[in-house]
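Participant: With the input below, show me the fold.
(one chain, ligands or ions: 1)
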Amino acid sequence: MGAVRRIFQDKTNDVLSKLRVEFVGRRGYMGVSEVDGHLIMSADYLSKGNRIDIYLDIVHELVHVRQFMEGKELFDHNFEYVERPTEVEAYRVAVEEARRLGLSEKRICQYLKTEWMTDEEFRRLAKSVNVEFMPATKREREIA
Ligand SMILES: [Zn+2]
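Facilitator: Down below sits the predicted model:
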């Protein structure tokens, strides 16, 4: 809960009590609606995904919930995904939380490297969030 309080500060209880969470059957992980900022989670990922990945994804998405409330553009296609300021901030907060949990840099790289990123994009993201780039990292995030 500490990480969540750091995201919303004194608005935490208010935001969490009003936040709508939609569970969808389709594959994928989770995201924030660009229409009203509610949280969308894959029920499949929640039941089969790695618990640490799920937790860090929730932290990441809650940063987007706050950004949406602040009126920020979450899907600004003027930026590539790994360089979009809203993504970099969300990844930074998730990495901070991962370190607090004691995850190794290698494990953090495994968390960060998703299938929609090329190695080159991943290298840039790792740099933006100050994680040591480990090119041999194998993605282990697929849901079964
Ligand atoms: Zn994101």
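Participant: Buried residues, the helix or strand hosting residue 66. List them.
Facilitator: Using DSSP states H and E, the secondary-structure element containing residue 66 is helix 51-69. When burial is assessed from 16 or more other C-beta atoms under 10 Å, helix 51-69 yields the following buried residues: 53-68. Every C-beta, even on glycine, is put in place using the N, C-alpha and C of the backbone.
Participant: Same check on stretch 11-24?
Facilitator: Neighbour-count burial for stretch 11-24, with 16+ other C-beta under 10 Å as criterion, is recorded at residue 15.
Participant: Show me how far that stretch is from its chain's centre.
Facilitator: On the basis of C-alpha atoms, centre = their mean, to the nearest Å, stretch 11-24 is displaced by 16 Å from the centre of the chain it belongs to.
Participant: Pull the residues that contact the next helix or strand after the helix holding residue 66.
Facilitator: Once helix 51-69 ends, the next helix or strand along the chain (criterion: DSSP H and E) is helix 85-100. Counting by C-beta atoms under 8 Å, 6 or more residues apart in numbering, helix 85-100 makes contact with 2-3, 6-7, 52, 55-57, 59-61, 63-64, 67, 72-74, 76, 79, 81-82, 107-108, 111-112, 125, 128-131, all of which sit outside it.
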